[in-house]
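**Student:** mind folding the following:
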Amino acid sequence: MQRGARSLDYGRMTRDLAPLRDVIARHGLSASKALGQNFLFDEQLLARIAAIPGDLTDKAVLEIGPGPGGLTRALLRAGARVTAIEMDRRCVPALAELGEAFPGQLRVVEGDALKLDHDTLMGERFAVLSNLPYNVGTALFVRWLGGQDWPPRWSSLTLMFQQEVAQRIVARPGSSTYGRLAVLAQWRSTARLAMKVHRSAFTPPPKVMSAIVHVQPAAMPEGISAHVLERLTEAAFGQRRKMLRQSLKAVPGALDALDDLGIDAQRRAETLGVAEFVAIARRLT
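**Tutor:** This is a model prediction of the structure:
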């Protein structure tokens, strides 16, 4: 009976929401270029994004940079309990209206997502869904993928990036887009390109196309220091046009590890598969 009553209330609350364009106009909001903001108004598209990780009913979700709350609406409608980190104070009143429409489902935290401890903030296992501000997206992504503790507190990452960045995350060895992001995303996770989003879907339209990447944690290979692998890939791809014998000479023991593993030091980083980077890191660890 309670579930049915909640469904009726839920339907009423979603119908009562004003169109997002009206909310933005009423609060005098505009996308901030300095904060890397681009607003999405297409509610069907936003619902499709919210559906990528599966059923969110009563699930904890972390959203970074919600802005006026376009994706936030879709997450709340999907039944999620959302913690939204927003550093643009202009957007807080619009988000407060959503909190009133969905009692107990939305918590807004004012602050810089790069400076907050997300695990402590959430206090439970959580999914991350976000139309990431372009200026902090990659830094947050690398942070979520890093660290020795594994599996992570997050259950999945569903993130919108510039399409070029998204392609780098899911790239395969030998391709022009394969690099450090691909190795970090794939050595103990699975990453896929879930959806492409045309630039015309945004207000204002960015200069580039966007895409959504979905990442889920997988088993971590044994005997590996995450810090060592991160250092190894940073060195290897920091000078990606050079041979490994040059790019890895600053990493103690790396050239000996290549020799032990039978990996030709004249190869370049983009030719090494994820498993080969893992093998080198295991030797160094």
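**Student:** so what's the residue count around L229?
**Tutor:** 24 (other CB atoms under 10 Å). In short, each C-beta sits where N, CA and C put it, glycine included.
**Student:** that should have said A275, apologies.
**Tutor:** For A275, using other CB under 10 Å, the count is 12.
**Student:** and it, which of the three is it?
**Tutor:** helix (DSSP: H, G, I helix; E, B strand; the rest coil).
**Student:** and it, how far from L229?
**Tutor:** 12 Å (CB to CB, to the nearest Å).
**Student:** for G146, same thing?
**Tutor:** G146 is 10 Å from L229, by CB to CB.
**Student:** what do the two both touch?
**Tutor:** L184 (CB atoms under 8 Å, 6 or more residues apart in numbering).
**Student:** from M160, how far out is A194?
**Tutor:** Taken as CB to CB, the span from A194 to M160 is 10 Å.
**Student:** pull up the overlap in contacts between those two.
**Tutor:** I212.
**Student:** who has more neighbours, the two?
**Tutor:** Using other CB under 10 Å as the criterion, A194 and M160 rank with M160 on top: 26 against 19.
**Student:** mind checking pLDDT for the more buried one?
**Tutor:** What the model reports for M160 is a pLDDT of 94.
**Student:** need the contact list for it.
**Tutor:** When contacts are counted by CB under 8 Å, 6+ apart, M160 touches I49, S130, N131, L132, V197, S210, A211, I212.
**Student:** just the buried residues of stretch 165-172, please?
**Tutor:** V165, A166, Q167, R168, I169, V170, A171 (16 or more other CB atoms under 10 Å).
**Student:** do stretch 178-196 as well
**Tutor:** Within stretch 178-196, the residues that count as buried by 16+ other CB under 10 Å are 178-189, 191, 194-195.
**Student:** take these and keep only those in strands.
**Tutor:** S189, A191, A194, M195 (DSSP state E).
**Student:** measure the last one to A269 for me?
**Tutor:** Between M195 and A269 the distance, using CB to CB, works out to 29 Å.
**Student:** do the second one as well
**Tutor:** When distance is defined by CB to CB, A191 is 19 Å away from A269.
**Student:** just the third one next, same as before
**Tutor:** Using CB to CB, one obtains 27 Å as the distance from A194 to A269.
**Student:** same question, the first one
**Tutor:** Between S189 and A269 the computed distance is 20 Å (CB to CB).
**Student:** dump the host helix or strand of W144 to PDB, restricted to CA.
**Tutor:** Element membership for W144 (DSSP states H and E) is helix 137-145. In PDB, the C-alpha atoms belonging to helix 137-145 read as follows (Å, rounded to 0.1, in the frame of the first residue of the first chain):
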ATOM      1  CA  GLY A 137      36.000  16.400 -15.800                       C
ATOM      2  CA  THR A 138      39.300  14.700 -16.500                       C
ATOM      3  CA  ALA A 139      40.700  15.500 -13.100                       C
ATOM      4  CA  LEU A 140      37.700  14.000 -11.300                       C
ATOM      5  CA  PHE A 141      37.700  11.000 -13.500                       C
ATOM      6  CA  VAL A 142      41.400  10.200 -12.800                       C
ATOM      7  CA  ARG A 143      40.800  10.700  -9.100                       C
ATOM      8  CA  TRP A 144      37.800   8.200  -9.100                       C
ATOM      9  CA  LEU A 145      40.000   5.600 -10.900                       C
END
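**Student:** quick one on the thing from earlier: from the contacts of M160, which ones fall inside helices?
**Tutor:** Among the contacts of M160, the members falling in helices are I49 (criterion: DSSP state H).
**Student:** how many other residues sit next to the nearest residue to L248 once chain neighbours are set aside?
**Tutor:** Closest residue to L248 apart from its sequence neighbours, by CB to CB, 6 or more residues apart in numbering: A254 at 4.0 Å. The local packing of A254 (other CB under 10 Å) involves 24 other residues.
**Student:** A254 and A281 touch, don't they?
**Tutor:** No: with contacts counted by CB atoms under 8 Å, A254 stays clear of A281, the gap being 9.5 Å.
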